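Q: below: sequence and its predicted model.
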Amino acid sequence: MMTKKRIALIAHDGKKAEMVAFVKDHRHILAEMEITATGTTGGYVEQTGLNVNKKLSGPKGGDAQIAAMAAEGLLDGILFFRDPLGKHPHEPDVQMLMRICDVHNVPIATNPATASLILEALAS
Ligand SMILES: O=C(CO)COP(=O)(O)O
């Protein structure tokens, strides 16, 4: 049996509706994966009926927890819908997550177009 792919989902507030729409569109793929998410995003994803391992909310350290998972080799990909028009108190954590992904060569999508490509590649 193939082991489940491990994916993390994160969306800034301005992108949460887009994340929920994306999750619904890709439900058939995500249902076969192990999903981790930042707290608030995870709550929305759960409402679509998927199981989610929820971390802290982003501003409380959720991005940092997901970065730690990436550093430890516990994630196959991260879908992080960032809001390029918003200001975020935890911007250093966001930058840290991006950097850790580059250090450890973990695929990270920051918009739905790239997220689709990563999900489809992981599923194939
Ligand atoms: O702030 C976030 C990403 O930086 C997302 O966190 P929440 O999903 O808890 O809102």
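A: Right, received. Where do you want to start? Residues are numbered from 1 along each chain as shown.
Q: contacts only, for residue 39.
A: 54, 55, 56, 57, 58, 60, 62 (CB atoms under 8 Å, 6 or more residues apart in numbering). Using the backbone N, CA and C atoms, a C-beta is placed for each residue, glycine as well.
Q: distance of the second one relative to the ligand?
A: In this case it means residue 55. In this view, residue 55 and the ligand are 8 Å apart by CB to the nearest ligand atom, to the nearest Å.
Q: in strands, which of the contacts of residue 39 appear?
A: Mapping the contacts of residue 39 onto strands (DSSP state E) picks out residue 54.
Q: CSV please, covering the contacts of residue 39 and showing neighbour count and pLDDT.
A: Formatted as CSV, the contacts of residue 39 follow (neighbours: other CB atoms under 10 Å; pLDDT from 0 to 100):
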residue, neighbour count, pLDDT
54, 17, 98
55, 23, 98
56, 16, 98
57, 16, 97
58, 27, 95
60, 15, 96
62, 25, 97
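Q: for the chain, which helix is longest?
A: Criterion DSSP state H: the longest helix present in the chain is helix 91-104.
Q: who does that one touch, helix- and strand-wise?
A: helix 62-71, strand 77-81, strand 108-109 (3 or more CB pairs under 8 Å, 6 or more residues apart in numbering; DSSP states H and E).
Q: at 7 Å what do you get?
A: helix 62-71 (3 or more CB pairs under 7 Å, 6 or more residues apart in numbering; DSSP states H and E).
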